[in-house]
Each structure stands twice: as structure tokens, then as C-alpha cells.
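Asker: whatever this is, show me its structure:
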Amino acid sequence: MKNLASITFLVFLVPFLGKQYLPEFFSLWYMQWFVLAAFISLSVLLPFGFAKSLLIPKYKQQSYLFLLLFLLVSALNTVSYNGFDTINTIFTISNSTQSIPKQASIAAVEHEKANVREAMAQAIYLEHGLSIVYKDSSNELNLYKPTTLDEQKYNEAHITAEKAKTLIAQVTAQKKEVMYALLWLHLSFFVIFLTTFAWGRRKASRVAGGL
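Answerer: Coordinates of the predicted model:
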């Protein structure tokens, strides 16, 4: 049991400290497989060790270690899930499509000052990439023609928006992974714990009955 407790603690500690102090190394694809293997091992070792330590009186104190590690792993994954959820919400809101303000489009035609009308048309292009009709200094309706600088500014903003969409997709995928990890962790804990504990009690009863 001492070896089991030590191995379980190391399986938890190595990936945890690795992500904290060697994030670039632990982000490599083969290290990601190592982290996954460590997590699956923990999901088996924690409930098994918890049940076995409860069944053996002299190792009951070690049960607190297994339970504490389970709660800690569960809490860390819950914090990660909530963090991804918050980030996803922020990116989604900031990247949401906005309709052209009605007052701005009206002002591009009806405002008394020509420079304001043109500025409104320019602002709508920079924000939405759409050329609208505005009334020029001669009070004639014209389609706004963006300058090279306008196009450059819009393209830069558009690239930023595309990056935000990519980040949203990545965060959403990571959020799902954490959710599945939490479900697996809790389900495996209860199933393995109950199975191991029930089997241990039955075995102990048979031994006692044989005596």
C-alpha cells in the first residue's frame, strides 16, 4: 500500500509540475499522450487505493491521501472547465456580428454637415466592410469608395476577427475535453471504488467464515 500511495502521488505530481514549470515541453504531442496516460492511471489508482486503504485497518490513514488527490484533480479540472467557459463567452461576445446602426446610416444621408456624412460612411465601412450611400458636399448621393488606408484598416480588423474565430473553436474543443475528463474521473472513481470495496469485503467475509 505504501508503494501504491507513492506511485499514485508521483503520477499526479509529475504532469502537474511539468505543466507549471515546463509548459512548452509538456505541450509537445508525445508529452500530451503521457499526460493522458497519467490521467487515466490516476482515474484507476485513486479509487482502487482509496478502497484498499479502507479495507486494511493499518492503512486507513492513507485513505485520506487518495481522497484528497481525487478532490484536488477534480477541482483542477473544474477550474479549467470554468476558465474555458469564461474565455469562450468573452471571445463569442467580442466576435459577435453587429448590424449597421440605423442612426449612422441615416446620418450619412441626412446630417447637415458634409464631412460628418462622409465620416459616417467611412466608419460603417471600417466596422462592417460595407460601402453605403452617403450625400457628398454637393448634396448628391454617392456610394462610399474606401481609400487604401480604409481597406488596410478593415483587413487588419478582419484578420483579427478570423483569429478570434479560430480561438473560439480551440477553446470550445478544449472545454469539451475537460468536460469528458470530469465525467470519466467521477464515473470511474465510483465504479472502481464500489467494485473494489465490495469485492474486498466479500473476500474478507469468506476468509472469516472459513476460520
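Asker: going by C-alpha atoms from here, please, whenever you check contacts or count neighbours.
Answerer: Will do.
Asker: burial measure for residue 27, as a count.
Answerer: Neighbours of residue 27 under the rule other Cα atoms under 10 Å: 14.
Asker: apologies, that question was intended for residue 116.
Answerer: Neighbourhood size, residue 116 [other Cα under 10 Å]: 17.
Asker: so it sits right up against residue 108, yeah?
Answerer: Yes - contact criterion Cα atoms under 8 Å: residue 116 and residue 108 qualify, at 7.2 Å.
Asker: which helix is the longest one in this structure?
Answerer: Longest helix of the chain, by residue count under DSSP state H: helix 148-210.
Asker: can you name every helix or strand that it contacts?
Answerer: Under the contact criterion of 3 or more Cα pairs under 8 Å, 6 or more residues apart in numbering; DSSP states H and E, helix 148-210 touches helix 29-55, helix 63-94, helix 114-128.
Asker: how about those helices in JSON lines, adding distance to residue 190?
Answerer: Putting those into JSON lines (distance: least, Cα to Cα, whole Å) gives the following:
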{"stretch": "helix 29-55", "distance to residue 190": "7"}
{"stretch": "helix 63-94", "distance to residue 190": "11"}
{"stretch": "helix 114-128", "distance to residue 190": "53"}
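Asker: got the domain ranges for this protein?
Answerer: According to automatic domain parsing, the chain comprises the domains 2-96+174-210, 102-160.
Asker: what would those look like in a markdown table with mean pLDDT?
Answerer: A markdown table is the format used below for the domains of the chain (pLDDT from 0 to 100):
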| stretch | mean pLDDT |
| --- | --- |
| domain 2-96+174-210 | 80 |
| domain 102-160 | 81 |
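Asker: dump these into JSON lines; add distance to residue 166 as well.
Answerer: Listed next are those as JSON lines, based on distance: least, Cα to Cα, whole Å:
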{"stretch": "domain 2-96+174-210", "distance to residue 166": "10"}
{"stretch": "domain 102-160", "distance to residue 166": "10"}
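Asker: mind checking which helix or strand residue 134 is in?
Answerer: Here residue 134 sits within strand 133-135, counting by DSSP states H and E.
Asker: partners of that strand in the sheet?
Answerer: Applying DSSP bridges to the sheet, strand 133-135 is found paired with strand 141-143 (antiparallel).
Asker: what sits up against the strand it pairs with?
Answerer: Here strand 141-143 makes contact (Cα atoms under 8 Å, 6 or more residues apart in numbering) with 109, 131, 132, 133, 134, 135, 136.
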